[in-house]
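Q: would you be able to build a 3D model of this:
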Amino acid sequence: MAKDYGSSIVEIATWNDPKYREKQNEHLRSFAENFRGRFPGKTVGKTVSWQIADGYAKYMVVKEKPLTLIHIAECDGYRILPATMRGTRLADIKAMIEHEESMERFFARHSK
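A: Modelled structure (predicted):
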């Protein structure tokens with residue numbers, strides 16, 4: 001059962017900023033380092049996404065016990081339903097992270 005840590009409502013850049021993605025990635029790296037320095041666990045600081053409507057609801061793992069996620073407010077700022085948050089287990093998060101990392105490895109190998 002996951003808990004909601006809140007939202008990272010930080011205006012880092014606008015969509016028309018050519019360096020939007022770079023600034024967003026730096027913001028996420030600093031968040032991840034902060035949480036990794038405070039809480040143990042392999043998944044701490046990793047991000048997961050749920051597809052919602054025409055976008056994604058993005059969250060970062062704050063801590064594993066109890067499972068706590070922070071909403072990453074980017075793009076449309078979609079969030080998952082409270083029932084989805086309550087029903088999410090650490091095993092689900094680990095599976096989502098493994099899937100995402102395997103897709104990244106696959107495309108990295110095949111894009112050369």
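Q: show me which strand runs longest in this structure.
A: strand 55-63 (DSSP state E).
Q: need the pLDDT of the residue nearest to residue 6 when sequence neighbours are not counted.
A: Closest residue to residue 6 apart from its sequence neighbours, by C-beta to C-beta, 6 or more residues apart in numbering: residue 70 at 6.1 Å. C-beta coordinates here come from the backbone N, C-alpha and C atoms, glycine included. pLDDT recorded at residue 70 is 92.
Q: do residue 8 as well
A: 66.
Q: then the one 5 residues further on?
A: Per-residue confidence at residue 13 stands at 55 (pLDDT).
Q: for the one 5 residues further on, same thing?
A: At residue 18, the pLDDT value in this model is 75.
Q: just confirm it is within a strand.
A: No: with DSSP: H, G, I helix; E, B strand; the rest coil as the criterion, residue 18 is coil rather than part of a strand.
Q: and the helices in this protein?
A: Remark: helices assigned in the chain by DSSP state H are 20-38, 82-87, 90-110.
Q: who does the shortest one touch, helix- and strand-wise?
A: So the one you mean is helix 82-87. strand 3-7 (3 or more C-beta pairs under 8 Å, 6 or more residues apart in numbering; DSSP states H and E).
Q: list the buried ones in the strand it packs on?
A: 4-5 (16 or more other C-beta atoms under 10 Å).
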